[in-house]
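A.B. asks: Sequence isn't available, so here's the structure alone:
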């Protein structure tokens, strides 16, 4: 049973950077999955942030994150990262990672999901 744990969230000033980690355990290899990041801000709908596809590793990003967020895999550490830069107050949210065979913009389509890590962008 694949288990995902996010970390790396915290408080950062506008314009700052953070790197979130999504570490897998339980015997599964993240390399065999598409791994996505989602976020949910208070009183807002959950939205897809990025997804690294299984196989060709093509990564998709939501328009609001293009050029600021970068997702990557570390096979040795069985971890997927989300590097976030030029952060804005509107990036404040709980960030979740999720894994499935294919990318989807619906988090409910992912078989494996983490518990989330809080990111707060504020001066």
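C.D. replies: Noted; the coordinates are in hand. No experiment lies behind these values; they were computed from the predicted model shown. Numbering: from 1, shown residues only.
A.B. asks: lowest average confidence, helix or strand, in the protein?
C.D. replies: Ranking every helix and strand in the chain by mean pLDDT, DSSP states H and E puts strand 59-61 at the bottom, with a mean of 84.
A.B. asks: and after it, which helix or strand comes next?
C.D. replies: Next helix or strand after strand 59-61 toward the C-terminus (DSSP states H and E): strand 69-74.
A.B. asks: Flag every buried residue along that following strand.
C.D. replies: 69-71, 73 (16 or more other Cβ atoms under 10 Å). The C-beta positions use only the backbone N, C-alpha and C, and glycine is treated the same way.
A.B. asks: just stretch 45-64 next, same as before
C.D. replies: 46, 48-54, 59-62.
A.B. asks: Could you list the residues in contact with the least confident helix or strand of the chain?
C.D. replies: 49-53, 69, 71, 103 (Cβ atoms under 8 Å, 6 or more residues apart in numbering).
A.B. asks: As TSV, these with distance to residue 42 and secondary structure would be great.
C.D. replies: What follows is the contacts of strand 59-61, written out as TSV (distance: Cβ to Cβ, whole Å; DSSP: H, G, I helix; E, B strand; the rest coil):
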residue	distance to residue 42	secondary structure
49	17	strand
50	21	strand
51	24	strand
52	27	strand
53	30	coil
69	20	strand
71	24	strand
103	26	coil
